[in-house]
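**Student:** Sequence and predicted model, in that order:
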Amino acid sequence: MELTIDRNALNAALSVLAAVASKKSPMAILQNVLMRCNGKDSLVLAASDLSQTVVYTLPCESSREGGITLPAKQLADMVASVTGDEVRLSVTDLKAEIKCGRSRFSLTGLHERDFPKLPDTSKAAFAPVDAVALCRLIDLASYAICPDLNRPGLGGAELQVHQGDMRLCAAGGHRGVMARCKTDLPNMKPALIPKTGLALLKRAIEGADGVQLAKHSEHVMAKTGTALVCVKLLDADFPPLESLIRKESPINLTVPREALQGMVKRAGLLDSRKEFGVKLTLERGTLTASSESSTGSADESLPIEYKGKAFEIGVSAVYLAEALDNAEGEEVVLELAGELEPLQLKPVTGDGFVKLVMPMRV
């Protein structure tokens, strides 16, 4: 195999592929990236960890067909570090020579026949999707995914598409989020996408035009003009998060998002083990965040427009600060109902997201 390819395009593809290739896999082939040239003008590159597969098809100039798999991390580092406009690749048997500018490298690879079979998309019903909108949902929801591997139902975010409404829901035990937007996608059965898969989808489609999405069998797939991403879905039941969301709350406060986030963070500094949380105290014209520990206490107030009765609720400082950090707008609506009811965050206008933080005893 001999070919010449644009370095920038190859570098962009390898940066994604190297993140997919499993550096800790006992299977050496999964640490490699597949490179296959089937004609004179295109190069197929792929990486897989058996749960996630990414395939790129890039234009090139080839004088000899063939294929090989090469160490993904080393190849990506080589292409990223060199200077020059084009990369020249020559493969003989399992030896590859890479040239760019004044740099020359050689790598020993593995045979392409040992690489996992690439995804078959012939039966997948792809439909156009707004890449910006999908990336926005991922940004709003992925932080709340539960990291506990023993709770597979909470280990991903559920994508729901129904009657022009696209939602991405995530929950992590004591918090949750539902992000939504309008879409032209046809109705789709709920798909529970793992957190790593969401990050991969976003990385591959961000900034791309003509993105299409499909749910096929036990996978969700996205494709652009040059890339195909295939992510295996989690085989678990996502909890009924929407049943916890209140349609109306007796207390609705419009507060500056960053000011509230900073206040909560500072009030929670004494809670080094993140166990005790902070107390939010609502009084006429003032919202106060306070905390106590064996080493001291902290409190800070924020002026607000409120003329109702005094109210208190305890929440995790970390969860509330992260919810605010991953929200949108200069202001948010803080909704409260009772000391045993979830705290809700919503946008000032529209219904783009609802974030829940469960109460705790402080």
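**Tutor:** Here it is on my side, so go on. Residues are numbered from 1 along each chain as shown.
**Student:** Going along the chain, name the strands of the stretch 251-362 of the chain.
**Tutor:** Taking DSSP state E, counting those that start in this stretch to define them, one finds strands in the stretch 251-362 of the chain at 251-256, 278-283, 286-293, 296-303, 311-315, 331-336, 343-347, 353-357.
**Student:** so which of those comes closest to Cys60?
**Tutor:** strand 353-357 (42.5 Å; C-beta to C-beta). (C-beta placed from N, C-alpha, C; glycine too.)
**Student:** Next, the angle strand 343-347 makes with that closest one.
**Tutor:** Angle of strand 353-357 versus strand 343-347, following axes from the mean of the first three to the mean of the last three C-alpha atoms, to 10 degrees, is 160 degrees.
**Student:** Outside of strand 353-357 itself, which residues are in contact with it?
**Tutor:** With contacts defined as C-beta atoms under 8 Å, 6 or more residues apart in numbering, strand 353-357 is touched by 140-141, 144, 174-180, 241, 244-245, 315-316, 319-320, 323, 326-328, 342-347.
**Student:** those strands in the stretch 51-200 of the chain, which residues are they?
**Tutor:** Secondary structure of the stretch 51-200 of the chain (DSSP E, counting those that start in this stretch): strands at 52-59, 61-64, 66-71, 86-92, 95-100, 103-108, 127-128, 156-162, 165-171, 175-182, 188-194.
**Student:** And those: which comes nearest Lys265?
**Tutor:** Nearest to Lys265, of all those, is strand 175-182, at 15.9 Å by C-beta to C-beta.
**Student:** elements contacting the closest one?
**Tutor:** If you count contacts as 3 or more C-beta pairs under 8 Å, 6 or more residues apart in numbering; DSSP states H and E, strand 175-182 packs onto helix 131-141, strand 165-171, helix 317-325, strand 353-357.
**Student:** 6 Å instead, please
**Tutor:** Applying 3 or more C-beta pairs under 6 Å, 6 or more residues apart in numbering; DSSP states H and E, we find strand 175-182 packed against helix 131-141, strand 165-171, strand 353-357.
**Student:** so which of these comes closest to Gly262?
**Tutor:** strand 353-357 (16.6 Å).
**Student:** who does the closest one pair up with?
**Tutor:** Next to strand 353-357 in the sheet, as set by DSSP bridges, lie strand 175-182 (antiparallel), strand 343-347 (antiparallel).
**Student:** And the shortest one, what's buried?
**Tutor:** Buried residues in strand 343-347, defined by neighbour count with 16 or more other C-beta atoms under 10 Å: 343-347.
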